[in-house]
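> Structure for this input, please:
(chains A and B)
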Amino acid sequence: MTDPTLAQASDFAIWGAIVVLALAMLAFSVHLAVTGARTERKAGSSLPEPVMAGAGAARTNDPADRSTDGPTERPATRGWGVIGLQLTWLATFAVIAGTTLRALSVNRAPLGNMYEFALVTAGFALLVYSVWSLRKDRLWLGAFVVVPVLAILGAAKIWWYTEASQLMPALDNIWLIIHVTIATLSIALFTIGAALAIAYLWRDRAETKGEGTVRGWLAALPSSVKLERITYGLHVFAFPLWTFALISGAIWAEQAWGRYWGWDPKETWTFVIWVVYAAYLHARATSGLTTRKATWVAVAGFGCIIINYTVVNLLMTGLHSYSGVAT
Amino acid sequence: MSEQQRIEPTYPKNRATIGGPRLGPVGWARWAWRQLTSMRTALALLLLLAVAAIPGSIFPQRGVDPARVRSYMQDRPELSRWLDRFSLFDVYSSPWFASIYLLLMISLVGCIIPRLRAHLKAMQAPPPRTPSRLSRMPVHREAVVDADPSAVIAAARAELGRRRYRLRQEPEGAVVVASEKGYLKETGNLVFHVALLGVIVSVAAGSLFGWRGEIIIKEGEAWTAGAGTFDTLNLGPLVDEDDIPAFTLRLDQLDVEFESEATGAQFGAPRRFSGVATVQEQGQEATSEEFAVNAPLAVGTTSMYLLGNGYAPIVTVRDADDEVLFSDAVTFLPQDNTYSSEGVIKVTGRDPGLGFVGGFLPTFSADPEIGMTSSFPGLADPTLVLTAFEGDLFPEGRAQSVFSIETDEMDQVMLDEDTPISMLLRPQDTYELPDGTVIEFEDVVRWGGMLVRHDPGRMPALIFAGLALLGLVLMLGVRRRRVFVRVAGGDGATEQGERHTGVSVAGLPKGTDPGLEDLVEQVLAHIVSTVDTPRAAGARDEDER
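Got it, this is the predicted structure:
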């Protein structure tokens, strides 16, 4: 049933993706450093770039504020970022190829164990970022996306690697494809969302400290107001997907285990994540709470996702025990 | 939720010394209600709910796995007493968990009702009046055109109407347009929150009016549903035993396959569980139905799920005169992933009673360290390993589990002074006890552990969950926007016959709305191109690029 040659080719593709991503990370980092230094120099020579300190109302009539979400000045410094983006595209194809080869080697959707979930999540995150970069200038975001994806792929290779094999019957269902695809897609979006949230918090702190002027590589990032807006926009997209993952999981649980909700550790943590992100959306709509505090709630939500994927899968006893990892 | 309902204490903190107004009981009740239904409280309760749900994933739960709770309590009796005192083995039915979600529900209702009222009012009311100074709006663009003010207004109304904005009726000769769009955002918000309440009510109804029973059926065995025929039966508080429908089910066949090719953790992992059963409902023809893990068997309004499986060796016991004392398939319970199973055979048609205790190993393997064990869950080398006890099988007539024998009061059957009897049987093997009783291991069949469940809250919960998702998408996806247009000047023509009519378009978003600037510009551009070409550029094209 399983084809070892294809499975091996898949492993090579993933190793290749990891190497390419590491290079992309370097390129994106250099891009941030170079762009930051240049923006800083420019800011020093001419009038300081007006930056809205403090978050809150994302209201501005400055037309320069829109159409580009990146820093206003960036010719000649894009080179490293573009290299990073090209490498990211290459890695995206490598991850997709690795995942597809894996699926071909076992003749099923590559959604059967933790290793495969991690591959699909990483693939989605890279694909979303790469396609997004085609439409808007997102070079400054590259490093923030590549680092977590590299961490996911590395952990998958080192700790969660599972030999290619058939599904266990509890997983053999059409809802496997629906539920796990949407769950991994929303985790990928939440990963980028968390990366943006951290970028925002970092930049916002620098803006508050520097009273408007930002030094170093942080100057390569858009203003905190814009960062916050993008962060929110991504979460608004990911949250309904997570809701759908939760509902489809319940439908599947009803078919497989005879009840749609049973407070299994995985179900509990899916619920916890949902509630924390719901709290983020509420916190953002609450007047009187700063967007900084609200964004910390989103970061906490991503912390719960990490716990859900690592601690719950590997350490907690429950029905979702198909990590495939020998313990 | 309701943002406007925050109360800030403006009165002096120490009222005892200063005097001033005091809150009566009604005032305090109103204050408490406002506090509870405030967004800040809802947010705190949400975060509290998330934190409160976590212990249930750390400690074993009675509602999920009572056996693990028992073993946990045995291992750590002192800690368990304290954990139990705080309901940490029943987190999701504990008073403190319930109080959080009940407060959240009250807060939700208290928030929904006024918003529902306000939304219904807003849906019927026209958009609010155009503010006098549009330049104060968050998004604002202007242009000057050579056109009649009334033509500009007409063009603006036409353009906003084309974009499906709701327009405010203005008197003849008005120089303003007020419009609004995106009422579905609030509708979605309300649908989402009401549907959440619906989900909770459905779940509650399901546990009040639903029931679940478990039954082990061996291949070839027939079973008739009824309150007394389940191994375990949990009825909801509002269910009567007579509500359980009568039907008959015979398990014709059960297929189970295990991974035999892969190595490592995947070796021996289950690959297929499926079965064929003959079902007969009352007054209907018997039908043959296939079912599997993930494909439950539906019988009327109840569903049957294959949740467990194992082996049942067929054992026949004859006495010295070749008279059959016992002949049946005996359910052995798997103890691990290799299906090393344990079970007992109670031969009651004999005096004294005879009991066999031991294990069934689907793939026999003798490990030098742990002894006899099973190396694979499939039937590669099925072996029955037994020892025998004589005596009273049911001391004092007590009811006991079919899976164990109380051997304390019984005597182990001995081969000689020191060696108790121990037999290792392969299919068709027989073993003769010292008194001439013969046990034969004839064959082995499988058994399926079926969960039978009736949950009337299932469909409503699904429908409400779908509505909640729909509401969520509308709430987060639709943009609520107000667009205002104001026209100034342009009354008299200049010497060149030009009329300098100023057009201002402004947008007011609700929440984050990055696309609003584009929209305002497009509306302005469309108005301008409809009535005239702009003379003096107010739309600042140059510095935009």
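
> so residue B:241 touches residue B:235, yeah?
Yes - using Cβ atoms under 8 Å, residue B:241 is in contact with residue B:235, at 6.8 Å. Backbone N, C-alpha and C define where each C-beta goes, glycine included.

> Grab the longest helix from chain B for me.
helix B:95-124 (DSSP state H).

> Does chain A have contacts with that helix?
No - counting by Cβ under 8 Å from any Cβ of the partner chain, no contacts exist between helix B:95-124 and chain A, the nearest distance being 9.7 Å.

> likewise stretch B:516-530?
Yes - against chain A, stretch B:516-530 shows contacts by Cβ under 8 Å from any Cβ at B:517, B:518.

> C-alpha coordinates for stretch B:343-351, PDB please?
In PDB, the C-alpha atoms belonging to stretch B:343-351 read as follows (Å, rounded to 0.1, in the frame of the first residue of the first chain):
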ATOM      1  CA  GLY B 343     -11.400 -13.000  30.900                       C
ATOM      2  CA  VAL B 344     -13.100 -15.800  32.900                       C
ATOM      3  CA  ILE B 345     -15.200 -18.800  32.100                       C
ATOM      4  CA  LYS B 346     -17.800 -19.700  34.700                       C
ATOM      5  CA  VAL B 347     -18.900 -23.400  34.500                       C
ATOM      6  CA  THR B 348     -22.000 -23.400  36.800                       C
ATOM      7  CA  GLY B 349     -23.500 -26.700  35.700                       C
ATOM      8  CA  ARG B 350     -21.100 -28.700  37.900                       C
ATOM      9  CA  ASP B 351     -20.700 -29.300  41.600                       C
END
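
> Now the longest helix of chain B: buried residues?
Buried residues in helix B:95-124, counting neighbours by 16 or more other Cβ atoms under 10 Å in any protein chain shown, are found at B:97, B:100, B:101, B:103, B:104, B:107, B:108, B:110, B:111, B:112, B:115, B:119.

> what do you get for stretch B:58-66?
B:59, B:60, B:61, B:62, B:64, B:65.

> Contacting chain A as well, which ones from the residues you listed?
Near chain A, by the rule Cβ under 8 Å from any Cβ, you find B:60, B:61, B:64, B:65 out of the buried residues of stretch B:58-66.

> What helix or strand is residue 80 located in?
As the question left the chain open, I've gone with chain A. Using DSSP states H and E, residue A:80 sits in helix A:79-106.

> think we crossed wires, I meant chain B
Using DSSP H and E, residue B:80 sits within helix B:77-85.

> So what touches that helix?
B:59, B:72, B:73, B:89 (Cβ atoms under 8 Å, 6 or more residues apart in numbering or on different chains).

> same check, this time on stretch A:89-96
Counting by Cβ under 8 Å, 6+ apart, A:13-14, A:16-17, A:20-21, A:24, A:119, A:122-123, A:126-127, A:130, A:153 sit against stretch A:89-96.

> Which of the residues you listed has the largest number of neighbours?
Using other Cβ atoms under 10 Å in any protein chain shown as the neighbour test, the contacts of stretch A:89-96 are led by residue A:122, with 32 neighbours.

> tell me the angle of whichever strand or helix holds it relative to helix A:79-106?
For residue A:122, the host element (DSSP H and E) is helix A:114-135. If you take axes from the mean of the first three to the mean of the last three Cα atoms, to 10 degrees, helix A:114-135 sits at 140 degrees to helix A:79-106.
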